[in-house]
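In: next comes the sequence, and after it the predicted model I'd like to discuss.
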Amino acid sequence: LPFRWFAYNDTEGPEPAIQQACRALNLAGNGKRLGVEGLTMRVLEGQLLQRYAPGAVVEHAEEALMPLRLHKTPDEIAAMRRAIAATEQALEETAAEVRPGMTERQVSVMLLKALQAAGGGEDAFAPIVVSGPVSAEPHGTISDRVIGKGDLLLFDFGTRVDGYCSDLTRTFAVGAPDPKLAHVYEVVLAANEAAIRAARPGVPAQDVDRAARAVISEAGYGEYFLHRTGHGLGIDIHEPPYIREGNPQRLEPGMVFTIEPGIYLPGLGGVRIEDDVLVTEDGVEVLTSFPKALRILGE
């Protein structure tokens, strides 16, 4: 479809461009409808639309837009493969350099430099590099915490290549971990693999979540699995299909999403293992290939 651009500069700001767009679309007047992505539109645009398109109704358009993005084309999948390759190369190079006594921030700086050198673009989201008890926070933030022997070290990060995201999580041990955490790691790995086996065309998204959750619950850690099993991946880091309980949406070829079960033990540590998968005609292809066996760093 043809596009028409309405540009603006720093001197005039976005207001004239939005005014021009409203006129070009003839939006002013009662009953005119404008669909937007509710999680993307800012208050600024909303206020300017009220000014230059009085009477128009702004509506959420996710139901119309998201199906257009659910099924990735070969070119989109190729871009995601390149993003994943850069992500995995950066993680391998960084993991090889990790030693006890480094801080989370030092490791994150190494990671991001390696990611750029590997061909990554802008960050897909703010990276997570957390260790020890902080790894028990699913969305912990990087700090100057010193990584000690026996700590778990969790990486969750991604990049964009040609506009498409990667998303990878791996958990390592820096020196020999607590036996309980080593056991938890094996449970999470089993949950990750069970969910991958469950995913195929025609399966409801919630069944993939249930497959992961059943493994973790059977091992006695159900209350420590604090989030959904996965989310769609593409232009946005989080988009449909959402791999969670209560989502009956059936998987179809061309969908790409994460599988990332986790167990988080307060005061001790957390484990998450995340892969990116593509639904094929008869199953799924795991796009990520970084090894998943528990790896000891710093020896």
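Out: Received the coordinates, thanks. Residues are numbered from 1 along each chain as shown.
In: can you give me the strands in the stretch 51-200 of the chain?
Out: 57-60, 128-131, 151-157, 160-161, 164-165, 168-174 (DSSP state E, counting those that start in this stretch).
In: for the fifth one, what is the distance to the chain centroid?
Out: Read it as strand 164-165. Strand 164-165 sits 10 Å away from the centroid of its parent chain (C-alpha atoms, centre = their mean, to the nearest Å).
In: format the strands of the stretch 51-200 of the chain as JSON lines; extra columns: mean pLDDT and mean neighbour count.
Out: (C-beta placed from N, C-alpha, C; glycine too.) Output for the strands of the stretch 51-200 of the chain, formatted as JSON lines (pLDDT from 0 to 100; neighbours: other C-beta atoms under 10 Å):
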{"stretch": "strand 57-60", "mean pLDDT": "87", "mean neighbour count": "14"}
{"stretch": "strand 128-131", "mean pLDDT": "98", "mean neighbour count": "26"}
{"stretch": "strand 151-157", "mean pLDDT": "98", "mean neighbour count": "26"}
{"stretch": "strand 160-161", "mean pLDDT": "98", "mean neighbour count": "21"}
{"stretch": "strand 164-165", "mean pLDDT": "98", "mean neighbour count": "26"}
{"stretch": "strand 168-174", "mean pLDDT": "98", "mean neighbour count": "24"}
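In: can you lay out the ones you listed as CSV showing distance to Gln47?
Out: CSV is the format used below for those (distance: least, C-beta to C-beta, whole Å):
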stretch, distance to Gln47
strand 57-60, 11
strand 128-131, 34
strand 151-157, 35
strand 160-161, 29
strand 164-165, 30
strand 168-174, 38
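In: Glu252: which of these is closest?
Out: Closest of these to Glu252 is strand 164-165, at 18.6 Å (criterion: C-beta to C-beta).
In: tell me the strands beside that closest one, with direction?
Out: According to DSSP bridges, strand 164-165 has the following sheet partners: strand 160-161 (antiparallel).
In: got the contact list for Leu44?
Out: Shown in contact with Leu44 (C-beta atoms under 8 Å, 6 or more residues apart in numbering): Pro14.
In: where's the helix or strand hosting it relative to the chain centroid, distance-wise?
Out: Per DSSP states H and E, Leu44 falls inside helix 43-52. Between the centre of helix 43-52 and the centre of its chain there are 30 Å (C-alpha atoms, centre = their mean).
In: export that helix to CSV, keeping only CA atoms.
Out: Only the C-alpha atoms of helix 43-52 are listed here, as CSV (Å, rounded to 0.1, in the frame of the first residue of the first chain):
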residue,chain,number,x,y,z
VAL,A,43,-1.0,11.5,25.3
LEU,A,44,0.6,14.2,23.0
GLU,A,45,-0.9,12.7,19.8
GLY,A,46,-4.2,12.1,21.6
GLN,A,47,-4.5,15.8,22.6
LEU,A,48,-3.6,17.0,19.1
LEU,A,49,-6.2,14.8,17.6
GLN,A,50,-8.8,16.3,19.8
ARG,A,51,-7.7,19.8,18.6
TYR,A,52,-7.4,19.1,14.9
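In: average pLDDT for that helix, rounded please.
Out: The predicted model assigns helix 43-52 a mean pLDDT of 90.
In: for stretch 252-264, measure first residue to last.
Out: 31 Å (C-alpha to C-alpha, to the nearest Å).
In: now swap in stretch 292-299 and tell me
Out: Using C-alpha to C-alpha, one end of stretch 292-299 lies 18 Å from the other.
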